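>>> Requesting a structural model of the entry that follows:
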Amino acid sequence: MNRSVKLPFYAKLAFILVSFISFAFIFCIGKDIITPVLLAFLFAVLLVPIFTFLHSRLKFPRHLAAGACILLFALCIVGILVFISYQISDIANDFDAIKKNANAFITDIHKFIKDHFHVSIGEQKKYLDNVAKDSVQNGKSSIGSAIISITDLLLDCTIIPIYTFLFLLYKDHFILFLAKLVPNEDHAILKDILSQIKVSINNYIVSLIFEMIVVSILTSLGLWIIGVKYFILLGLITGILNMIPYIGILIAGIITVIASLTGTPENSIILGILIVNIIVQLIDNNILVPLIINSKVEINAFVSIMGIIIGGAAAGISGMFLAIPLLAILKIIFERIESLAPWGYLMGNHMPKKFSWRIRKLKVEN
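A predicted model of the protein is given here:
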């Protein structure tokens with residue numbers, strides 16, 4: 001007969017903190033293995049409705065249904081990449097114009113610095129030459145890191161579809177494994193947790209895709225208004241990179257500025273690009289994210305930002321992308337376990353209108 005052991009608060013807190021630290025340590029030392037598995041899990045959850053439709057409704061064998069889902073997902077990714085590469089080839093044809101306009105733009109910057117900060121053009125070029133020499137000296141290590149990063153990316157692009165296929169194929173097998181871990185009387189809670197995780201991840205990824213589309217449309221429209229060439233491509237790149245927190249929009253802005261040099265080196269265009277990006281980011285951060293993203297995962301902004309920073313420090317861009325869905329999964333689990341419910345509430349975005357302490361008054365007997 002099982003007996004529950006009641007522990008004091010400090011013991012429970014110690015166990016929880018040790019568990020968090022242990023999981024974080026395991027993730028940090030095994031991030032190269034764990035990150036592709038988690039990404040494949042998210043993609044598999046997204047593809048489960050299509051897999052269920054093919055397997056249950058159309059009577060596809062499990063292997064064929066899982067393979068068809070992976071093929072459909074891969075075709076969508078390849079289609080976007082083909083469109084981007086086709087447009088980039090057009091930009092490459094304007095390389096001479098970019099070079100000419102870039103030189104004119106740099107000359108204007110040199111003159112601006114000379115007129116307003118009283119630094120001669122010769123001193124500026126000397127400083128840039130020193131920076132270039134330092135970059136060349138550090139180039140070997142940078143090239144080595146870049147080669148390793150590209151190799152890891154190619155490996156992930158190969159292994160993630162395989163993991164996703166296996167998650168879909170062994171979906172019921174994994175569910176039965178979890179059912180065997182949990183006592184029969186808690187199967188209703190387990191079923192509720194799994195269904196809520198599925199709904200939360202699906203809503204998050206679909207909302208993220210919708211946010212990407214809206215940001216792409218708004219950016220393309222703004223760039224078209226100010227007269228930037230290839231505004232559709234640049235808007236799409238901005239929408240895709242916007243899914244990378246913090247640094248994504250910065251990279252998109254640099255790419256847009258470089259691409260704008262195919263037409264003109266005027267500073268007004270570059271200023272217009274900055275204004276468009278700022279306006280789109282204000283709309284995204286103040287309207288789209290609270291309305292679309294936060295309302296679906298129900299995680300408060302403080303926990304989201306902390307999770308993204310920690311995820312980025314632990315696993316780079318992949319960790320930043322995984323932070324929100326992993327926090328959503330943890331919140332769902334915490335809310336359904338009585339001893340962890342306060343932590344689930346801490347992660348949520350419920351704001352009480354007012355709080356009053358409930359203190360029992362002890363009766364003093366004479």
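>>> Need the mean per-residue confidence for the strand or helix carrying L271.
When secondary structure is defined by DSSP states H and E, L271 falls within helix 267-283. Over the span of helix 267-283, the pLDDT mean works out to 82.
>>> Repeat that for stretch 336-345.
83.
>>> Endpoints of it, how far apart?
Distance across stretch 336-345, first residue to last, is 11 Å (CA to CA, to the nearest Å).
>>> Just the buried positions in the helix or strand G344 falls within, please.
For G344, the element it lies in under DSSP H and E is helix 341-347. Across helix 341-347, burial judged by 16 or more other CB atoms under 10 Å covers W343, G344, M347. For every residue, glycine as well, the C-beta is placed using N, CA and C.
>>> can you check stretch 189-209 too?
Going by neighbour count (16+ other CB under 10 Å), the buried part of stretch 189-209 is L190, I193, Q196, I197, S200, I201, N202, N203, Y204, I205, S207, L208.
>>> tell me the pLDDT at the closest residue to I213 other than its chain neighbours?
On the basis of CB to CB, 6 or more residues apart in numbering, the spatially nearest residue to I213 that is not a chain neighbour turns out to be G239, at 6.6 Å. What the model reports for G239 is a pLDDT of 87.
>>> Over to the one 4 residues further on?
As summarised for this prediction, M243 has a pLDDT of 78.
>>> I figured it hits F321, correct?
Yes - M243 is in contact with F321 according to CB atoms under 8 Å; the separation is 6.9 Å.
>>> Not counting its neighbours along the chain, what's nearest Q87?
L233 (3.9 Å).
>>> which residues touch the one you found?
The contact partners of L233, taken as CB atoms under 8 Å, 6 or more residues apart in numbering, are F83, I84, Q87, I88, I91, A259.
>>> So which of these are in strands?
Among the contacts of L233, no member is found in strands (DSSP state E).
>>> any idea which of those has the most stuff around it?
Top of these by neighbour number is A259, holding 23 neighbours under the definition other CB atoms under 10 Å.
>>> That one against F231, yeah?
No - the pair A259 / F231 is not scored as a contact, 9.3 Å apart, by CB under 8 Å.
>>> give the contact list for F112.
For F112, no contacting residues are found, by CB under 8 Å, 6+ apart.
>>> Looking at it now. What's its pLDDT?
The per-residue pLDDT reported for F112 equals 71.
>>> Secondary structure, pLDDT and distance to L39 added to the buried residues of stretch 189-209, as a markdown table?
A markdown table is the format used below for the buried residues of stretch 189-209 (DSSP: H, G, I helix; E, B strand; the rest coil; pLDDT from 0 to 100; distance: CB to CB, whole Å):
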| residue | secondary structure | pLDDT | distance to L39 |
| --- | --- | --- | --- |
| L190 | helix | 87 | 24 |
| I193 | helix | 88 | 21 |
| Q196 | helix | 88 | 21 |
| I197 | helix | 87 | 16 |
| S200 | helix | 85 | 16 |
| I201 | helix | 85 | 12 |
| N202 | helix | 84 | 15 |
| N203 | helix | 83 | 18 |
| Y204 | helix | 83 | 13 |
| I205 | helix | 83 | 11 |
| S207 | helix | 83 | 17 |
| L208 | helix | 84 | 13 |
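>>> tell me the SS of the closest residue to L208 other than its chain neighbours?
Leaving out its chain neighbours, the residue that sits closest to L208 by CB to CB, 6+ apart is M243, at 6.1 Å. Look at M243: counting by DSSP: H, G, I helix; E, B strand; the rest coil, its state is coil.
>>> where's M243 relative to H110, distance?
Summarising the geometry, the distance separating M243 from H110, computed by CB to CB, to the nearest Å, is 36 Å.
>>> ok, now I244?
32 Å.
>>> where exactly do the helices run in the stretch 251-366 of the chain?
Remark: helices of the stretch 251-366 of the chain, listed N- to C-terminal, are 267-283, 295-297, 301-335, 341-347; assignment by DSSP state H, counting those that start in this stretch.
>>> Any chance of TSV for the ones you listed, columns distance to I160?
Shown next, in TSV, are these (distance: least, CB to CB, whole Å):
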stretch	distance to I160
helix 267-283	29
helix 295-297	22
helix 301-335	10
helix 341-347	27
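>>> Out of those, the one nearest L166 is which?
Across the helices of the stretch 251-366 of the chain, the minimum distance to L166, taken as CB to CB, is reached by helix 301-335, at 18.7 Å.
>>> still on that earlier bit, can you point out the buried residues in the helix holding L271?
By neighbour count, and taking 16+ other CB under 10 Å as the criterion, the buried residues in helix 267-283 are I269, I270, G272, I273, V276, N277, V280, Q281.
>>> which two in the buried residues of stretch 189-209 are spaced the farthest apart?
L190 and L208 (26.9 Å).
>>> What sits closest to Y345 if chain neighbours are left out?
Counting by CB to CB, 6+ apart, the residue nearest Y345 is E335, at 7.5 Å.
>>> Buried residues, stretch 313-328. List them.
Across stretch 313-328, burial judged by 16+ other CB under 10 Å covers 314-315, 318-328.
>>> Quick check, pLDDT for I299.
82.
>>> Sorry, slip of the keys, the one I care about is H55.
Looking at H55, its pLDDT is 90.
>>> you'd agree A65 is up against H55?
Yes - using CB under 8 Å as the test, A65 is close enough to H55 to be in contact (4.2 Å).
>>> low-confidence ranges in the stretch 51-200 of the chain?
In the prediction, the stretch 51-200 of the chain carries residues with pLDDT under 70 at positions 90-92, 94-95, 97-99, 101-102, 105, 119, 124, 128, 130-154.
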